[in-house]
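How does the following fold in three dimensions:
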Amino acid sequence: MSVKIRLARRGRKKAATYDVVIADARAPRDGRFIEKIGTYNPNIDPAVINIKDDRAFHWIMNGAQPTDTVRAMLSYRGVMLKKHLQVGVIKGAITQEQADEKFAEWLSAKEGKVQGKIDSLSKAKELDAKARLEAETKVKEERAAKIAEKNKVEEVVEEATPEASADDETPAEEAPATDAPAAE
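Predicted structure coming up:
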């Protein structure tokens, strides 16, 4: 029986999440599996990979073959490096203590990189939100200026209109008075 470590699709349409499973190579993708060892959610940035590293290591050492995607995830999590170091221990190239030390160094460096990426993404998100807020404020101020200008023009027109009508009424009153004596 050929054993594979692969992804089984879960979730709804266009929002897939995956289970990382140990399955017989002949079983369907979403069908029967031997053991579920983790989950993978590619829908967020950075993608969330939750894998039981010890179980994955156990299956890798017993001959399970990961698919390309799962191999990349296991490398990201350090399982493939751990396997490489363990094979070196088995062959006698290094001691178990040296292998554990190398793995601990790699793991601390990897955690630093991941935290750095998370920090940079959150900082970029904050800067983007700040830029959008500034752009929105600028648009709001422009609209307010246009409205204020429009109101100012209307006030000037309203002020000019009553004066003009008062001027129009005065000559109209004077005109009949001047016309009346001329007619007499």
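
Could I get the full set of helices for this protein?
Counting by DSSP state H, the chain has these helices, from start to end: 53-61, 68-77, 79-91, 96-183.

How much space separates the spatially most central residue of the chain from V79?
Note on the chain: the residue nearest the mean C-alpha position is D45, at 5.6 Å, using Cα atoms, centre = their mean. Relative to V79, D45 is positioned 23 Å away (Cβ to Cβ, to the nearest Å). All C-beta atoms are positioned from the backbone trio N, CA, C, and that covers glycine.

How about A104?
Counting by Cβ to Cβ, the gap from A104 to V79 is 15 Å.

residues in contact with stretch 32-45?
Applying Cβ atoms under 8 Å, 6 or more residues apart in numbering, the set of residues contacting stretch 32-45 from outside is 3, 5, 7-8, 15-24, 27, 47-52, 55-56, 59, 73, 121.

And the buried ones among those, selectable in PyMOL?
To isolate the buried members of the contacts of stretch 32-45 in PyMOL, using 16 or more other Cβ atoms under 10 Å:
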select buried, resi 3+5+7+8+17+18+19+20+21+22+23+49+51+55+56+59+73
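
For V48, which non-adjacent residue is spatially closest?
Excluding the flanking residues, the one nearest V48 by Cβ to Cβ, 6 or more residues apart in numbering is N41, at 4.4 Å.

Neighbours of that neighbour, how many?
Using other Cβ atoms under 10 Å, N41 is surrounded by 15 other residues.

in the protein, which helix or strand is least confident?
helix 96-183 (a mean of 79; mean pLDDT, DSSP states H and E).

per-residue confidence for the residue nearest to V48?
On pLDDT, N41 comes in at 94.

again with R32
pLDDT recorded at R32 is 87.

Quick check: M61 vs R9, distance?
Taken as Cβ to Cβ, the span from M61 to R9 is 27 Å.

So between those two, which is more surrounded?
The neighbour comparison of M61 against R9 (other Cβ under 10 Å) goes to M61, with 14 against 10.

List the residues that contact the more buried one.
Taking Cβ under 8 Å, 6+ apart as the definition, contacts of M61 comprise 83, 86.

Show the pLDDT at it.
For M61, the model assigns a pLDDT of 91.

roughly how far apart are it and V79?
M61 is 10 Å from V79, by Cβ to Cβ.

go on, K102?
K102 is 14 Å from V79, by Cβ to Cβ.

Looking at those two, which one has more neighbours?
Taking neighbours as other Cβ under 10 Å, K102 and V79 compare with V79 leading, 26 against 16.

Leaving out sequence neighbours, find the closest residue to the more buried one.
Distances taken as Cβ to Cβ, 6+ apart place A56 nearest to V79, at 4.8 Å, with adjacent residues excluded.

my read: that neighbour touches I5, true?
Yes: using Cβ atoms under 8 Å as the test, A56 is close enough to I5 to be in contact (6.8 Å).
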